[in-house]
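1. sharing a model prediction with you, sequence too.
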Amino acid sequence: MLKFKEAAKCVSESVAVSSDPETLVARRYVLQQKLGSGSFGTVYLVSDKKAKQGEELKVLKEISIGQLNPNETVRANLEAQLLSKLDHPTIVKFHASFVEQDNFCIITEYCEGRDLDCKIQEYKEAGKIFPENQIIEWFIQLLLGVDYMHERRILHRDLKSKNIFLKSNLLKIVTGLSNHHVGCS
């Protein structure tokens, strides 16, 4: 899979993207705040004006096309098509991809629980340990997600705690192009 390297800094707070509350992307997504950025893109929290109630918040990753060579652009499009076909409760849902203003944009599910790496860091700093049943539950979810990908002959080449997110305490694997790091707060 194509891998977009992201700076994996845990930032203490997110920065507002715009003072204009109606900054639109693709005439559908309202920018809420910047979640992070790295060498190959910037990640934003957006509100989807066309989503069902309760599913409005999503993640937008912008990748400058100027930073991609033609082969990477073709691979990005092919990978986006592949990711759009993945549908499993333990994999971050891919919603859309499009090009806007010289940026390749990817829209994915928002996981309010941040990444597992931040959760582990938070527990470590507080001197807490995870209950054994929680670890087993997350491990089973991870195995189910990896098995789902393997059944489709997809190999996740960057499986690590920074690419595993939590949503309502459920584990969600981030795949390929949608890799993003929101940071610890």
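-> On my side now, so go ahead.
2. now do stretch 122-139, average pLDDT.
-> In this model, stretch 122-139 carries a mean pLDDT of 98.
3. pull out the buried residues from stretch 149-158.
-> Buried residues in stretch 149-158, counted by 16 or more other CB atoms under 10 Å: 149, 154, 156. For glycine as for every other residue, the C-beta is placed from the backbone atoms N, C-alpha and C.
4. and the first one, how far is that from residue 80?
-> Pointing back at residue 149 there. 16 Å (CB to CB, to the nearest Å).
5. next: the second one.
-> Shown here: residue 154 relative to residue 80, a distance of 14 Å by CB to CB.
6. for the protein, which helix is longest?
-> Among the segments of the chain that qualify as a helix by DSSP state H, the longest is helix 132-151.
7. CA atoms of the longest strand along the chain as PDB?
-> Criterion DSSP state E: the longest strand present in the chain is strand 29-38. Taking Å, rounded to 0.1, in the frame of the first residue of the first chain, the C-alpha atoms of strand 29-38 are listed here in PDB:
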ATOM      1  CA  TYR A  29     -17.700  19.600   4.200                       C
ATOM      2  CA  VAL A  30     -17.400  22.500   6.700                       C
ATOM      3  CA  LEU A  31     -13.900  22.800   8.200                       C
ATOM      4  CA  GLN A  32     -14.100  22.700  12.000                       C
ATOM      5  CA  GLN A  33     -10.500  22.500  13.100                       C
ATOM      6  CA  LYS A  34      -7.000  21.400  12.100                       C
ATOM      7  CA  LEU A  35      -6.100  18.200  13.800                       C
ATOM      8  CA  GLY A  36      -2.500  17.800  12.600                       C
ATOM      9  CA  SER A  37      -0.100  17.900   9.700                       C
ATOM     10  CA  GLY A  38       2.900  16.100   8.300                       C
END
